[in-house]
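K.L.:
Sequence isn't available, so here's the structure alone:
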């Protein structure tokens, strides 16, 4: 159980534009132990939170020791979001018998659709015959966040464009009026001169869908919309973006790579064309304790609110890289005043 933290937290009126300072300082709640844990070599990662009444639901993915992924569901009271209970039905979703997700189901992102009063979840799927191809599927549910049904056998965001030859997934969405805005990671093979840095070149892309039909996804013709802030800390790659909306801006949190370590940054945009980087970037970095479970890299930084307080759920790395021999678990942090 994470230790009690009585320090002041950052509270913001979410009806106003959120200043950069609101996201300038996140402090770990789960310092000694992760929020979600699997015994290595299994991973507990790709986690996202959704608050429903007095409960925080965590939808996440377990990477099994046999190197395949399944969906998991856990939950906690809003009064103590680190007090996690695991759904006895886990895993709640496994790979299909055929189709684009016949090998892995990963990266579940749940959201409520006001158009029909149902819950939906975009997710990453990989095919058994082509495990290097990441595409995005869609699930639907009626309020039990541990029970989901596939909307179709095929992907709703499929590999089509040159900038996504290896993948078009890691989805995160926000609903604005009658439009679902999605950010996702596009991936292409790295050229030979870059392969010592990363095996692929990831960028951040944008798509939309009407709330009347969340499966009808249209990609932004300007994709990829973001490849770097122009600063050294994210100059070698950006990936796994998460989106939050206020009255004026879309806030995008993402993993940035400097050629050595992945850290968390923040930009904001009004139109998905021009981006303002947070002057405090990177806003969240690996633990300075070399023995900590998240000392070697961070990704998947979803920011969400509980009673006006901002929390970040994230993946933390312990090891030499995001590979089979490293340990990846999920942590929780809270925004603090600067």
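P.N.:
Ah, there it is. A quick note: this is a predicted structure, and the numbers were derived from the prediction, not measured. Residues are numbered from 1 along each chain as shown.
K.L.:
contacting residues around the closest residue to residue 119 other than its chain neighbours?
P.N.:
For residue 119, the nearest residue in space outside its immediate sequence neighbours is residue 141; the separation is 4.6 Å by Cβ to Cβ, 6 or more residues apart in numbering. To be clear about C-beta, it is placed using only N, CA and C from the backbone, and glycine gets the same treatment. Contact criterion Cβ atoms under 8 Å, 6 or more residues apart in numbering gives 118, 119, 120, 121, 147, 148, 149 as the residues in contact with residue 141.
K.L.:
What of residue 223?
P.N.:
By Cβ under 8 Å, 6+ apart, the contact set of residue 223 is 161, 163, 186, 203, 205, 206, 207.
K.L.:
which among those end up buried?
P.N.:
163, 186, 203, 205, 206, 207 (16 or more other Cβ atoms under 10 Å).
K.L.:
Just those: which are in strands?
P.N.:
Counting by DSSP state E, the members of the buried ones among the contacts of residue 223 that fall within strands are 186, 203, 205, 206, 207.
K.L.:
ok, residue 113 touching residue 213?
P.N.:
No: in this structure residue 113 lies outside contact range of residue 213 using Cβ atoms under 8 Å: 10.1 Å.
K.L.:
Can I get the ones in strands among the buried ones among the contacts of residue 223 in CSV including distance to residue 253?
P.N.:
Written out in CSV, the entries for those read as follows (distance: Cβ to Cβ, whole Å):
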residue, distance to residue 253
186, 17
203, 16
205, 15
206, 15
207, 18
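K.L.:
Report how many residues lie close to residue 110.
P.N.:
Other residues lying near residue 110 total 22 when counted by other Cβ atoms under 10 Å.
K.L.:
picking up where we left off before, now compare the contacts of residue 223 and name the two farthest from each other.
P.N.:
Across the contacts of residue 223, the longest distance by Cβ to Cβ is 13.3 Å; it joins 203 and 207.
K.L.:
Pick the one among the ones in strands among the buried ones among the contacts of residue 223 closest to residue 218.
P.N.:
Among those, residue 207 lies closest to residue 218 (Cβ to Cβ), at 6.1 Å.
K.L.:
Run through the bridge partners of the closest one.
P.N.:
Using DSSP bridges, the bridge partners assigned to residue 207 are residue 182, residue 219.
K.L.:
who touches it in this structure?
P.N.:
157, 181, 182, 184, 217, 218, 219, 220, 223.
K.L.:
Do a quick rundown of the strands in the stretch 51-200 of the chain.
P.N.:
If DSSP state E, counting those that start in this stretch is used as the criterion, the strands of the stretch 51-200 of the chain fall at 55-63, 69-77, 85-86, 104-113, 118-126, 134-141, 149-150, 167-176, 179-189, 200-210.
K.L.:
How about residues contacting the first one?
P.N.:
In this case it means strand 55-63. Counting contacts by Cβ under 8 Å, 6+ apart, the residues outside strand 55-63 that touch it are 35-36, 38, 42-51, 69-78, 81, 84, 91, 105-110, 121, 145, 306, 313, 328, 330.
K.L.:
Compute the inter-axis angle for that strand and strand 69-77.
P.N.:
Strand 55-63 runs at 160 degrees relative to strand 69-77, counting by axes from the mean of the first three to the mean of the last three Cα atoms, to 10 degrees.
K.L.:
Strand 55-63 pairs with which strands, parallel or anti?
P.N.:
Applying DSSP bridges to the sheet, strand 55-63 is found paired with strand 43-52 (antiparallel), strand 69-77 (antiparallel).
K.L.:
relative to strand 167-176, how tilted is the longest one?
P.N.:
This means strand 43-52. Orientation check (the same axes, to 10 degrees): strand 43-52 against strand 167-176 gives 20 degrees.
K.L.:
Quick one: closest of the strands paired with strand 55-63 to residue 237.
P.N.:
Here strand 43-52 is closest among the strands paired with strand 55-63 (Cβ to Cβ), at 17.7 Å.
K.L.:
quick one: the closest one to chain centroid distance?
P.N.:
How far strand 43-52 lies from its chain's middle: 8 Å, per Cα atoms, centre = their mean, to the nearest Å.
K.L.:
buried residues in that strand?
P.N.:
43, 44, 45, 46, 47, 48, 49, 50.
K.L.:
Now pLDDT and distance to residue 136 too, for the residues you listed, in TSV please.
P.N.:
As requested, the buried residues of strand 43-52 are arranged in TSV below (pLDDT from 0 to 100; distance: Cβ to Cβ, whole Å):
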residue	pLDDT	distance to residue 136
43	97	20
44	98	21
45	98	17
46	98	13
47	98	17
48	98	14
49	98	19
50	98	18
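K.L.:
sorry, back to before: can you redo the ones in strands among the buried ones among the contacts of residue 223 as a markdown table with distance to residue 281 and pLDDT?
P.N.:
Formatted as a markdown table, the entries for those read as follows, by distance: Cβ to Cβ, whole Å; pLDDT from 0 to 100:
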| residue | distance to residue 281 | pLDDT |
| --- | --- | --- |
| 186 | 21 | 98 |
| 203 | 17 | 98 |
| 205 | 20 | 98 |
| 206 | 20 | 98 |
| 207 | 25 | 98 |
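K.L.:
Now for residue 295, how many residues are close by?
P.N.:
When counting by other Cβ under 10 Å, one arrives at 17 neighbours for residue 295.
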